[in-house]
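Undergrad: Curious how this folds, go ahead:
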Amino acid sequence: MVLQSFTWVTIILCFVHVSAVPITCGLQRRLVDKSHSLLESMSGLFPVECLEHNLPIAFPSSAFKTSETAESGGAEKAAYETLKLIDTLFANDSMPTSWNNLEDFQDIIYRQIEESECIMSKTQSSEDSPARNATLKMYFDKIATVLKEKESSDCAWEVVRKEILYTLKFILQSSSYLI
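TA: Residues are numbered from 1 along each chain as shown. This next block holds a predicted model:
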């Protein structure tokens, strides 16, 4: 009787554990949207006093393009890599103290990365993946350069916020792979 009870408890615990695991693998639209909303609400409009620091940084939309015949696997991987690069960028300790919701934003970005890691193995390897990653890395290197050159000033962080807002909005508006 004790062995039978132990078996049922084990089966129930296994079921509870398995049912808590996400069934689908992909970036969640609601989390990307929440990230965008949190980042947008961290500060007001782009500060007038920072306009001189607002240099144009070309967004790498080509990294998210897919051909008509190709599946969106490459673009989905690009979005995942983008989240990892955002996470790295926001790991800096010199962010403005006046920003609201910063920790929540960082937590959601990290959660998306952890929950969507399967993207890297689910989609077939594409030949253009190194080119996509290089394009994204160059974009984020330019953003990081703004921070370095401006000594992580509040205005430099506003430029970063503006660029990441644009990036998240682009992912939300142009992605068929978000679940």
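Undergrad: Point out where the protein drops to low pLDDT.
TA: Applying pLDDT under 70 to the chain flags the ranges 1-23, 67-72, 122-128.
Undergrad: which one is residue 110 nearest to, not counting chain neighbours?
TA: Closest residue to residue 110 apart from its sequence neighbours, by C-beta to C-beta, 6 or more residues apart in numbering: residue 87 at 6.0 Å. Backbone N, C-alpha and C define where each C-beta goes, glycine included.
Undergrad: Can you name the residues that contact the one you found?
TA: 106, 109-110, 113 (C-beta atoms under 8 Å, 6 or more residues apart in numbering).
Undergrad: One more pass at 6 Å, please.
TA: 109-110, 113 (C-beta atoms under 6 Å, 6 or more residues apart in numbering).
Undergrad: Between those residues, identify the one with the most neighbours.
TA: Most neighbours among these, by other C-beta atoms under 10 Å: residue 109, with 25 neighbours.
Undergrad: For that residue, which three-state class applies?
TA: Under DSSP: H, G, I helix; E, B strand; the rest coil, residue 109 falls in the helix class.
Undergrad: What distance do you get for it to residue 58?
TA: 23 Å (C-beta to C-beta, to the nearest Å).
Undergrad: three-state assignment of residue 98?
TA: coil.
Undergrad: Quick check: which element contains the spatially most central residue of the chain?
TA: Nearest to the geometric centre of the chain sits residue 83, at 2.3 Å (C-alpha atoms, centre = their mean). Residue 83 belongs to helix 73-89 when assigned by DSSP states H and E.
Undergrad: Any buried residues in that helix, and which?
TA: Buried residues in helix 73-89, counting neighbours by 16 or more other C-beta atoms under 10 Å, are found at 73-86, 89.
Undergrad: Off-centre distance for it?
TA: On the basis of C-alpha atoms, centre = their mean, to the nearest Å, helix 73-89 sits 6 Å off its chain's mean C-alpha point.
Undergrad: Equivalent analysis for stretch 37-56, please.
TA: 19 Å.
Undergrad: Going by neighbour count, list what's buried in it.
TA: 38-40, 42-43, 46, 50, 53.
Undergrad: Sitting in helices, which of the residues you listed do you find?
TA: 38-40 (DSSP state H).
Undergrad: returning to that earlier point: could the contacts of residue 87 go into a markdown table alongside distance to residue 153?
TA: Below are the contacts of residue 87 laid out as a markdown table (distance: C-beta to C-beta, whole Å):
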| residue | distance to residue 153 |
| --- | --- |
| 109 | 22 |
| 110 | 25 |
| 113 | 27 |
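Undergrad: All set, thanks.
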